[in-house]
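Undergrad: Sequence and predicted structure are below.
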Amino acid sequence: MDYGWLLFLFSALLIDLHGVHALFVTDISVPEIVDFRDNVTLVCNYDMSGHTLNSVKWYKDHLEFFRYTPLMHPVYIKFPVTGLQVLDGSYYCNESSCRLGLSLQGAKSTGVYKCEVSGDAPHFKLAAKEDNMTVAALPQSDPLIESFNSMYRMEEFLSATCSSDYSSLPTRLTWYINGEQPLLGELQPTIDTSIPAHDYVLRRQRLQVHFYLQGQRFYQSGKILELKCVAEIENYPELRRETSLSASLSQFDNFNNQMLRHAGANSAAATQRNCISARTTLISVCFVIISLAKCLQRPS
Ligand SMILES: *[C@@H]1O[C@H](CO)[C@@H](O)[C@H](O)[C@H]1NC(C)=O
Ligand SMILES: *[C@@H]1O[C@H](CO)[C@@H](O)[C@H](O)[C@H]1NC(C)=O
Ligand SMILES: *[C@@H]1O[C@H](CO)[C@@H](O)[C@H](O)[C@H]1NC(C)=O
């Protein structure tokens with residue numbers, strides 16, 4: 001028996017299998033979350049491994065909006081689909097990658113974006129990858145800290161407010177005082193304001209922190225008081241924004257403090273003495289009045 005034939009057949013089968021299965025989309029780049037005012041770039045990379053590229057098709061929610069067919073004319077075709085516009089002159093595709101620039105149309109641009117690649121005859125193999133894109137109104141600025149001064153003294157009362165920028169996604173504000181979160185009771189309830197705009201309900205949060213500059217937190221901090229406000233959006237850590245401001249903090253001066261306390265104690269004692277003497281005077285006056293009244297009551 002000649003095993004050479006079998007080996008040849010087996011190898012041929014392997015090569016064929018390899019050829020048939022090699023076509024695949026290596027990766028697709030679709031932004032996960034994007035602001036409705038931005039333009040986005042979508043990229044699809046594929047590995048033809050010997051196949052000839054027949055077409056690359058882009059879909060939004062199963063509706064085709066763009067096609068690249070290198071073997072036909074026209075090579076590029078756009079199809080109108082609600083929620084997006086393929087920007088003129090911003091697309092380029094070849095046998096290994098396809099890139100498009102899109103402008104968006106608000107909330108209706110949110111959806112599943114798919115890139116599908118097909119090989120040529122006789123197999124017309126298909127390969128595809130898809131990703132979700134959420135189009136939202138994202139905060140355009142860092143949180144704003146208000147009514148914070150540049151200088152404070154120990155024992156002083158401090159109150160400051162942080163506001164997030166308007167966003168269609170719920171934002172959570174967190175304060176940090178010298179790197180630590182405020183204590184219980186140092187925060188007011190968050191105030192939530194909403195306005196409808198651009199097909200979205202935009203919301204902004206305001207959070208007030210208030211506390212006395214007392215205790216270990218501040219003694220240990222040296223001469224700097226740092227307040228930081230962080231605005232975070234759930235599920236999107238990359239959208240975190242923060243603002244920090246610092247103020248100089250005059251520390252408690254021990255000598256002056258002693259003097260103050262001493263003076264305080266003295267004045268307290270003085271007040272007490274004055275009270276006693278006032279009371280004595282009052283009693284004496286009453287005694288004189290009572291005696292006088294008794295004198296007047298006596299029959300003459
Ligand atoms: C989006 O692209 C269009 C067309 O190129 C351009 O006019 C517009 O300014 C771009 N918008 C942004 C936010 O870059
Ligand atoms: C295809 O285009 C990309 C840029 O989009 C480029 O990096 C790549 O080298 C091109 N490939 C070929 C085979 O021309
Ligand atoms: C897209 O989102 C839908 C639901 O919102 C989810 O079921 C699906 O798995 C997501 N697809 C991808 C590729 O993340």
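TA: Right, received. Where do you want to start? Ligands and ions are numbered 1, 2, ... in the order given.
Undergrad: for stretch 83-102, which positions count as buried?
TA: Residues 83-86, 91, 93, 98, 100-102 are the ones in stretch 83-102 that count as buried (16 or more other Cβ atoms under 10 Å). Yep, even glycine has a C-beta here, placed from its N, CA and C like the rest.
Undergrad: any idea which of those is closest to residue 207?
TA: Minimum distance to residue 207 across those is 34.7 Å, recorded for residue 83 (Cβ to Cβ).
Undergrad: for the closest one, phi and psi?
TA: Main-chain dihedrals, residue 83, degrees, to the nearest 10: phi 100, psi -10.
Undergrad: Hmm, it is touching residue 111, no?
TA: Yes - at 6.7 Å, residue 83 and residue 111 qualify as touching, with contact defined as Cβ atoms under 8 Å.
Undergrad: between those two, what contacts are shared?
TA: Taking Cβ atoms under 8 Å, 6 or more residues apart in numbering as the criterion, residue 83 and residue 111 both touch residue 60.
Undergrad: one step back: would you turn the buried residues of stretch 83-102 into a markdown table with distance to residue 157 and pLDDT?
TA: Below are those laid out as a markdown table (distance: Cβ to Cβ, whole Å; pLDDT from 0 to 100):
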| residue | distance to residue 157 | pLDDT |
| --- | --- | --- |
| 83 | 52 | 92 |
| 84 | 53 | 94 |
| 85 | 55 | 94 |
| 86 | 58 | 96 |
| 91 | 60 | 96 |
| 93 | 64 | 96 |
| 98 | 61 | 97 |
| 100 | 57 | 96 |
| 101 | 54 | 97 |
| 102 | 52 | 96 |
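Undergrad: Show me those residues that map onto strands.
TA: Among the buried residues of stretch 83-102, DSSP state E puts 84-86, 93, 98, 100-102 in strands.
Undergrad: Out of those, which comes closest to ligand 3?
TA: residue 84 (16.8 Å; Cβ to the nearest ligand atom).
Undergrad: Spit out the contact partners of that closest one.
TA: If you count contacts by Cβ under 8 Å, 6+ apart, residue 84 has them with 60, 65, 102-105, 109.
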